[in-house]
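Chemist: Build the 3D model from these lines:
(chains A, B, C and D)
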There are 2 protein chains.
Amino acid sequence: MEITIKTLAAELNLSIATVSRALQDSHEVADKTKRRVLEMAGKLNYHPNPYASSLRKQKSKTIAVIIPEIANNFFSFALKGIQKVVEKEGYNFLVYLTEEDLEKEIAITKQLQSGRVDGIIIALSSQTDSVSHLWDLHNMKIPMVFFDRVCDQIDASKVYTNNFESAMNATSHLIENGCKKIGYFQLSNKLSLAERRMSGYKAALETHQIAFDEGLVLTCGTNVEENYQRIKGLISEKTLDGIFASVEALTITSYDVCKGLGLSIPRDMKIVSFSNLATAHLLSPPLTTINQPAFEMGMEAASLLFRNLTKYNAYPVVEKAEFKSVLMARESSVEVRPLP
Amino acid sequence: MEITIKTLAAELNLSIATVSRALQDSHEVADKTKRRVLEMAGKLNYHPNPYASSLRKQKSKTIAVIIPEIANNFFSFALKGIQKVVEKEGYNFLVYLTEEDLEKEIAITKQLQSGRVDGIIIALSSQTDSVSHLWDLHNMKIPMVFFDRVCDQIDASKVYTNNFESAMNATSHLIENGCKKIGYFQLSNKLSLAERRMSGYKAALETHQIAFDEGLVLTCGTNVEENYQRIKGLISEKTLDGIFASVEALTITSYDVCKGLGLSIPRDMKIVSFSNLATAHLLSPPLTTINQPAFEMGMEAASLLFRNLTKYNAYPVVEKAEFKSVLMARESSVEVRPLP
DNA sequence: CTGTTAGCGCCTTCAT
DNA sequence: ATGAAGGCGCTAACAG
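Modeler: Take a look at the predicted model:
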């Protein structure tokens, strides 16, 4: 930085204090003085040093967004929603990726104990079982909002969808279309979200009097090639006629496997998945997806967070926003209709 | 913040300076002292205040990434590449979206004159014609790397692909497959990137002795519905038999329009596009794309930036890393082969 | 090897 | 309505 508040003060024959107040549009400074200051600031192209300000005020006008993955329609749309609100509030946001790795998540949250950010939006990694690192943040009273992959144990604001119901409806949809052996592919069995989706799957089976078979459940990792092989193995071994992919990444892999095996979809195999693929309606064969309203969820998460950042709240606001996912059936590549 | 370097110093009967040095692993402090300090820091769960440090050192260990769009395979993979390098260097990154809006881009760059970040990676918005806001940053000697949508006028590091050649090859591919009237859909006619792609398109036409027709060029905006209508209009009006979509967003829209018009692809219409769609190989009909190596480009951009951030470089490094895009022909939904 | 001192740029009592 | 002074937490001379 070259030109500071001090430069302005000297240039205008004012005290530093007055200039500072003028820049903050304080009521206790003469309008005329304000104008002089602003004008000079413009002329000299003055920009306040955010770090000096953060240090002094102990707040950074910055939030952190921690997500497991970014190259993914769900999270990138969520980011877009978050950024929209963040921008409106005049904040900045830092992005951190855990890549589904608990160790990274811990390292990141530890870093954030430094007070670098005023608040945090976090979607847990699929490996996160212990949450003590989150307790640390929570105990420091850093406002947090859990996003999609929420943490049940901690009482903070949360934004998520009707996972149980959606999974149940989607599974029922498969069953009602003739599936008997439905594989369930997930990324985690540690998250509460995973549990809810799985429960929905089980509930649908139960309703239709199909026995739940542990052997049809596949918990995948982050290695695409490995997932491919495991999915391929399970499909052949168990002669599946239906697939429920509980995350976007596994949707594409499942598709690829079916194509590779020469399975005709939907004749030999029906697929349903949580997924926000932009091209779902152009895929061949058509894909029935459970769409989460990522953008709106992102906006809501940021809004909740900012409610906790305003100094007027003496106590943290804890709210839970439950969004509805939409089950989109695509029976052909042109017909697209939401299911109940 | 509760516990600071001062607390540690008091607790250990050391001076603040010594503690600070120990924490930075300075060579001029006794190993024993270092260990004591580190141990106490761990015990008290001390975290250095990044803003105090930034203020003092006049560097923030933070960079800004300015992109026009995030819900998009190209930019989200690029971000992933950037984050990988950023993480390795122990930096943080702020994300800013321009949403293809020059005004926003100007506002953001103005903000960044405050010294909030040590360096900037930027992909210009499609509306950016004037670049005076970038000159301001450049004149302040803030290291910048232009990414993909580069700025020719400013002498800084740049990362981009062989746009001319790729566009030429793709267009030739269409022509050699029988297309006579190839529509060219773009988002901008202001960027140098747009110009290069367009030149490639023209060069291919010329080589094949097809007259360039201005009327087949459509410069779209950010309104999806409007783009849809304009594309639809042009296809019908000009009876196109081929489409070159120069950005990912227009690829999907073009597809939708063809489906809507009942055009059979590739019989009635052949399409080629710059696009990093994850599902390109699953689309029906198959899509021939020009894939940009987004992840690698992101890593390279960040690496170039960091080379300029090390204090050992007295003068800015300017490098241009031209990456090769890969033209992928997909004649059926299973066959995928790179073209020359 | 350790301590003392002087700020980085800004905000905020407290005084006038 | 304005000014003076102190300090946010940390680092970097400069001493010793």
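Chemist: what about A:Met40, distance to B:Ser188?
Modeler: Separation of A:Met40 from B:Ser188 (Cβ to Cβ, to the nearest Å) stands at 38 Å. Quick note: C-beta positions are derived from backbone N, CA and C, even for glycine.
Chemist: The two - which one has more neighbours?
Modeler: Counted by other Cβ atoms under 10 Å in any protein chain shown, A:Met40 and B:Ser188 do not tie: B:Ser188 has more neighbours, with 23 against 18.
Chemist: My read is that that one contacts B:Ser126, right?
Modeler: Yes: in terms of Cβ atoms under 8 Å, B:Ser188 counts as a neighbour of B:Ser126; the distance is 3.4 Å.
Chemist: joint contacts of those two?
Modeler: B:Ala194 (Cβ atoms under 8 Å, 6 or more residues apart in numbering or on different chains).
Chemist: residues from the stretch 1-150 of chain A in reach of DNA strand C?
Modeler: Proximity of the stretch 1-150 of chain A to DNA strand C, by Cβ under 7 Å from any atom of the strand, involves residues A:1, A:4-6, A:16-17, A:20-21, A:23-24, A:48-49, A:52-53, A:55-57.
Chemist: from these, which would you call buried?
Modeler: Burial by neighbour count, 16 or more other Cβ atoms under 10 Å in any protein chain shown: within these this picks out A:Met1, A:Thr4, A:Ile5, A:Ser20, A:Arg21, A:Leu23, A:Pro48, A:Asn49, A:Ala52, A:Ser53, A:Leu55.
Chemist: Considering only these, which also neighbour DNA strand D?
Modeler: Checking those against DNA strand D (Cβ under 7 Å from any atom of the strand), the matches are A:Arg21, A:Ala52, A:Leu55.
Chemist: if we can go back for a sec, in helices, which of the residues of the stretch 1-150 of chain A next to DNA strand C fall?
Modeler: Mapping these onto helices (DSSP state H) picks out A:Ile5, A:Lys6, A:Ile16, A:Ala17, A:Ser20, A:Arg21, A:Leu23, A:Ala52, A:Ser53, A:Leu55, A:Arg56, A:Lys57.
Chemist: what is the residue of the stretch 151-300 of chain A found nearest DNA strand C paired to in the beta sheet?
Modeler: Residue nearest to DNA strand C within the stretch 151-300 of chain A: A:Ser157 (26.2 Å; Cβ to the nearest atom of the strand). Going by DSSP bridges, A:Ser157 is paired in beta bridges with A:Val145.
Chemist: Could you tell me which residues of the stretch 201-340 of chain A lie near DNA strand C?
Modeler: Checking the stretch 201-340 of chain A against DNA strand C by Cβ under 7 Å from any atom of the strand, there are no hits.
Chemist: Flag the shaky bits of the stretch 201-340 of chain A, pLDDT-wise.
Modeler: Where the stretch 201-340 of chain A drops to pLDDT under 70, the residues are A:311-317, A:329-340.
Chemist: Helices of that one, start to end?
Modeler: Along the stretch 201-340 of chain A, counting by DSSP state H, counting those that start in this stretch, helices occupy A:224-238, A:248-261, A:294-309.
Chemist: I'd like those written out as TSV, with mean neighbour count added.
Modeler: Below are the helices of the stretch 201-340 of chain A laid out as TSV (neighbours: other Cβ atoms under 10 Å in any protein chain shown):
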stretch	mean neighbour count
helix A:224-238	16
helix A:248-261	21
helix A:294-309	22
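Chemist: Identify the residue spatially nearest to the residue in chain A positioned nearest to chain B, adjacent ones excluded.
Modeler: Distances between chain A and chain B by Cβ to the nearest Cβ are smallest at A:Ser284, namely 2.5 Å. Leaving aside its chain neighbours, A:Ser284 sits nearest to B:Ser284 (2.5 Å; criterion: Cβ to Cβ, 6 or more residues apart in numbering or on different chains).
Chemist: So that neighbour sits against A:Thr279, correct?
Modeler: No: B:Ser284 is beyond contact range of A:Thr279, at 10.2 Å (criterion: Cβ under 8 Å).
Chemist: more neighbours, the two?
Modeler: Using other Cβ under 10 Å as the criterion, B:Ser284 and A:Thr279 rank with A:Thr279 on top: 19 against 16.
Chemist: ok, A:Gly215 - contacts?
Modeler: Applying Cβ under 8 Å, 6+ apart, we find A:Gly215 in contact with A:Lys238.
Chemist: what about the nearest residue to A:Met328 once chain neighbours are set aside, how many neighbours?
Modeler: Of all residues not flanking A:Met328 in the chain, A:Thr289 sits nearest, at 5.3 Å (Cβ to Cβ, 6+ apart). As a burial measure, A:Thr289 scores 26 neighbours (other Cβ under 10 Å).
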